[in-house]
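K.L.:
From the sequence below, what's the structure:
(chains A and B)
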Amino acid sequence: GENVEQHPSTLSVQEGDSAVIKCTYSDSASNYFPWYKQELGKGPQLIIDIRSNVGEKKDQRIAVTLNKTAKHFSLHITETQPEDSAVYFCAATSSGGSYIPTFGRGTSLIVHP
Amino acid sequence: DTGVSQNPRHKITKRGQNVTFRCDPISEHNRLYWYRQTLGQGPEFLTYFQNEAQLEKSRLLSDRFSAERPKGSFSTLEIQRTEQGDSAMYLCASSFKTGRSDTQYFGPGTRLTVL
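P.N.:
Prediction:
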């Protein structure tokens, strides 16, 4: 089955700095990669996603890049703000049937004001 | 609010008791997923429904767990004879599956504590 590794487990930055979270996956059939933000006591919220037919996608301060050859994808947050503090999860999904995502273990992002 | 809702938000029970959780998906979403999440981990897939049909179950879903989605709308997850190891956040997600798209939207979760 799919295996998703996520790094780092904790990331501490100053407000205004950029933050980068990296994930690798093992199944070359995976073709959909969502990123979720989870705040304390809440369910994960989709913040951005990318499909395997594109290499990069941006949405305001958030961008995701995908390298299919190396089987890794990254989340980039620019101009971080204290409200960006949360746990971020990457996931990989294969279109080979059930579309069940495999999640990484999460990155706790702390943005210091 | 048109998002995914889950009830109750918190449940404390004694070992050996049965518990039931409810999930109301986004209206007209045809797929509904259940996940379990423990501290420091990402969500782990338990089972999913397409309309009222339960199409897949994880090996994590022991015989003590059962899920239903009787009319293809809301779903229930029941855990019988709870064990302390069942303590976790139980998340529900829904999606509208079309072609290659299956973006899932999560509810707030039900936190289960088994004493």
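K.L.:
Just give the number of residues close to residue 49.
P.N.:
Using chain A here. Using other C-beta atoms under 10 Å in any protein chain shown, residue A:49 has 18 neighbouring residues. No exception for glycine: its C-beta is placed from N, CA and C like everyone else's.
K.L.:
Wait, chain B was what I had in mind.
P.N.:
21.
K.L.:
Shouldn't it be within a helix?
P.N.:
No. Read with DSSP: H, G, I helix; E, B strand; the rest coil, residue B:49 is strand and lies in no helix.
K.L.:
Can you name the residues that contact residue 48?
P.N.:
All of this is about chain A. A:34-35, A:57, A:59, A:62-64, A:75 (C-beta atoms under 8 Å, 6 or more residues apart in numbering or on different chains).
K.L.:
ah, no, chain B please
P.N.:
A:98, A:100, B:31-34, B:54-56.
K.L.:
correct me, but residue B:22 touches residue B:9?
P.N.:
No. Counting by C-beta atoms under 8 Å, residue B:22 sits too far from residue B:9 to count as a contact (11.1 Å).
K.L.:
so how many other residues sit close to the closest residue to chain A within chain B?
P.N.:
Chain B approaches chain A most closely through residue B:42 (3.0 Å), counting by C-beta to the nearest C-beta. The tally of other residues near residue B:42 (other C-beta under 10 Å) stands at 22.
K.L.:
Look up the closest residue to it, ignoring the ones flanking it.
P.N.:
For residue B:42, ignoring the flanking residues on the chain, the nearest one in space by C-beta to C-beta, 6 or more residues apart in numbering or on different chains is residue A:103 at 3.0 Å.
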